[in-house]
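Colleague: Turn this into a model:
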Amino acid sequence: MAPSRGALMAVTAVAAAAVTVAACDGSGTEHGNGSETSRSAASPSASPTPSPTRSYPLSKTPRTIPAVREHTPARGPGWRPGKDSAVVIGKGDKALADEGRLLAGELKIGYRGEEPARAGDVALDLNTKDGGGPESYTLRTRDGRVTISGPGQAGVFYGTRTLKQSVRADGAMPEGEVRDRPDRPQRGLNLDIARKHYSAGWIEDRLRDMADIKLNQLGLHFSDDQAFRIESDTHPEVVSPEHLTKAEVRHIVALAGRLHIEVVPEIDSPGHLGAVLSAHPDLQLFNVSGVPSKGSLDISKPGAAKLIDELLGEYTELFGGAYWHLGADEYQALTVSSPAASYPQLQRAAVKKYGAQAGIEDLATGWLNDRAAVVRPHGMTPKAWNDGLFRDSTVRADKDIEIEYWTGKEYGARPPEQYLSEGFKMLNLNDEFLYYVLGQPNAFVYPTGKRIYEQWTPLVLRGTSPVPAKYSDQILGGRFAVWGDFPNAQTAEQVAQGIRMPLRATSQKLWDPGTPKLSWDGFTALAKEIDRGRAG
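Modeller: Numbering: from 1, shown residues only. Purely as a prediction, here's the structure:
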């Protein structure tokens, strides 16, 4: 039997009261703007409206990876894409056209360019008044539309990633306001394409995946003992049969740029050069007994610097960008018990260049500084692995070289606090957490991401203990690293699947290093929900 009109109005009133109570905490204080409670309390005898108005509970925080850092809830239906929805950009904000078209395609809605927003639209806006860093953004959902603004393009782009993920996870963007920003400026993936060849398409797929989880840096280690993987005009003789063409690299770099990702190329020297040396055996380093030092360049020979600098000059022009990785790790001449006795030619070169007290460590440090001087005029900040900077050398590494800390186990490696106390800036590639080494040699195991999510932060540079928080500003971020020691241990598709959750865990802890609100099981479940939405 249908209820009477009076009974129906009573039920409606009870339901509205229940919504109001549900939005309060135990003290009776309402969260959000409190406008509904204030109006009700101030006007208990106000005349009823002709028909019931719809009431909404306070919105919940959007579910994304990485999680947003601040969300102010509000009452309202939120936003979901509709048949008349479109993406628009602010007047004069043509720079956001790529972001707008990409989002429109992903959400399957229209794109109208520089037009005022209508009901149901998403508006992108560059607004320096938002404050914050270039990767910060504000996302407001109200009045049936979404506005994403930020002081820089990257921040607005990350706002579109938040909207996309929320729609994929839950079908809608909750009402309210998100204010979000990353904790660290460098966040990414390091990929060894020298020991294992990956197609250009595979790398581009990784870029798209990285962009969705707000990672902004792709390291490409493309030269090692096993292979040299990018086409060369100055030295085609060093290039391996399976390689990327320059056209493919340009396409990768262009796509990365549109996705606000920096590509960080690396030619490691003076070690890890076996592929180059196979075409230049005259520059191979030999010890006093005539035994070759694996992958090592004889840096006492003038032709060594000429060869590497010609390659650096060629590839800095190809890649452009803000960074160049010089490697500098695991130079085998320094791992023997008596470097000067084993490699007298290097010792003589050190003394000739730096004086009687100099040693091979000084020669290697000088090599690093000289290569840094090659890439700086191209507008690039030099990077090097931590074990390429030595404690006892008289020649000191240039202070603008960013140290990428990966291990404390190799010769020359020092505790991270020593580099930090000297004023160096560092990036975290801690091999205890962030190394995915194909074939799992030397006690490495494929990380699932759980330990990263639960135990790692950017301050945990070596082992499992963090450095003092006073050094936090010198730690610029981190990258999850894939190394191809046994390249056939996994297919490219297996690698993509294997690194999926570790990358998401890394992204979460670089965006917000605090303890995540979701459990690891909840985090993995959310990732699956977002992926299912993506497939739909």
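Colleague: so the nearest residue to residue 152 once chain neighbours are set aside is in which element?
Modeller: Leaving aside its sequence neighbours, residue 152 sits nearest to residue 134 (Cβ to Cβ, 6 or more residues apart in numbering; 3.4 Å). Just so you know, the C-beta spots here come from the backbone N, C-alpha and C atoms, and that holds for glycine as well. Following DSSP states H and E, one finds residue 134 outside all helices and strands.
Colleague: show me what contacts residue 134?
Modeller: The contact partners of residue 134, by Cβ atoms under 8 Å, 6 or more residues apart in numbering, come to 150, 151, 152, 154, 155.
Colleague: Let's see which of these end up in helices.
Modeller: 154, 155 (DSSP state H).
Colleague: host element of residue 362?
Modeller: Residue-wise, residue 362 maps onto helix 360-375 under DSSP H and E.
Colleague: For that helix, buried residues please.
Modeller: For helix 360-375, the buried set under the neighbour-count rule, 16 or more other Cβ atoms under 10 Å, comprises 360-369, 371-372, 374-375.
Colleague: which two in the contacts of residue 134 are spaced the farthest apart?
Modeller: Using Cβ to Cβ, these span at most 9.5 Å, a distance reached by 151 and 154.
Colleague: Read off the pLDDT value for the spatially closest residue to residue 323 that is not a sequence neighbour.
Modeller: In this structure, residue 323 finds its nearest non-sequential neighbour in residue 264, 4.5 Å apart by Cβ to Cβ, 6+ apart. Per-residue confidence (pLDDT) for residue 264: 98.
Colleague: got the contact list for residue 264?
Modeller: So residue 264 contacts 188, 217, 218, 219, 220, 321, 323, 324, 325, 383 (Cβ under 8 Å, 6+ apart).
Colleague: Show me where the stretch 51-200 of the chain has its strands.
Modeller: Using DSSP state E, counting those that start in this stretch, the strands assigned to the stretch 51-200 of the chain run over residues 70-73, 86-89, 110-114, 122-126, 137-142, 145-150, 176-180, 186-192.
Colleague: cool, and the stretch 401-536 of the chain?
Modeller: Ranges of strands within the stretch 401-536 of the chain are 402-405, 426-428, 435-437, 475-483, based on DSSP E, counting those that start in this stretch.
Colleague: Paired strands for the first one, with orientation please.
Modeller: If I follow you right, that is strand 402-405. Each strand paired with strand 402-405, and its direction, by DSSP bridges: strand 381-385 (parallel), strand 426-428 (parallel).
Colleague: residue ranges with poor pLDDT in this structure?
Modeller: Along the chain, the parts satisfying pLDDT under 70 run over 1-53, 534-536.
Colleague: how about a cut-off of 90?
Modeller: Low-confidence regions of the chain, defined by pLDDT under 90, span residues 1-55, 128-132, 391-392, 408-413, 533-536.
Colleague: picking up where we left off before, out of the strands paired with strand 402-405, which comes closest to residue 139?
Modeller: From the strands paired with strand 402-405, taking Cβ to Cβ, the stretch that ends up closest is strand 426-428, at 28.4 Å.
Colleague: and residue 403, bridged to which residues?
Modeller: The partner list for residue 403 in beta bridges (DSSP bridges) reads residue 384, residue 426.
Colleague: same thing with residue 437?
Modeller: Where residue 437 sits in a bridge, its partners, by DSSP bridges, are residue 483.
Colleague: Could you shift the numbering so residue one becomes 6, and keep it that way?
Modeller: Understood, numbering begins at 6; the last thing we discussed is residue 442.
Colleague: so residue 131 makes contact with residue 152?
Modeller: No. With contacts counted by Cβ atoms under 8 Å, residue 131 stays clear of residue 152, the gap being 12.0 Å.
Colleague: Residue 107 is nearest to which of the strands of the stretch 406-541 of the chain?
Modeller: When the strands of the stretch 406-541 of the chain are compared by Cβ to Cβ, strand 480-488 sits nearest residue 107, at 24.0 Å.
Colleague: how much does that closest one deviate in direction from strand 191-197?
Modeller: Relative orientation of strand 480-488 versus strand 191-197 (axes from the mean of the first three to the mean of the last three Cα atoms, to 10 degrees): 20 degrees.
Colleague: what about strand 480-488, distance to the chain center?
Modeller: 8 Å (Cα atoms, centre = their mean, to the nearest Å).
Colleague: How about stretch 460-480?
Modeller: 17 Å.
Colleague: Can I get that stretch in CSV, CA atoms only?
Modeller: What follows is stretch 460-480 as a C-alpha-only set of coordinates in CSV (Å, rounded to 0.1, in the frame of the first residue of the first chain):
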residue,chain,number,x,y,z
GLN,A,460,59.4,0.7,4.8
TRP,A,461,61.1,3.0,2.3
THR,A,462,61.2,6.8,2.1
PRO,A,463,63.5,9.2,0.2
LEU,A,464,65.7,9.4,3.3
VAL,A,465,66.5,5.7,3.2
LEU,A,466,69.4,6.0,0.9
ARG,A,467,71.4,2.9,2.0
GLY,A,468,70.2,-0.3,3.6
THR,A,469,67.1,0.3,5.7
SER,A,470,68.1,3.2,7.9
PRO,A,471,67.2,6.8,7.1
VAL,A,472,69.7,9.6,7.1
PRO,A,473,69.0,12.5,9.5
ALA,A,474,66.1,14.7,8.5
LYS,A,475,68.3,17.7,8.4
TYR,A,476,69.6,16.5,5.0
SER,A,477,66.1,16.1,3.5
ASP,A,478,66.3,19.2,1.2
GLN,A,479,69.4,17.7,-0.4
ILE,A,480,67.7,14.5,-1.4
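Colleague: Thank you, goodbye.
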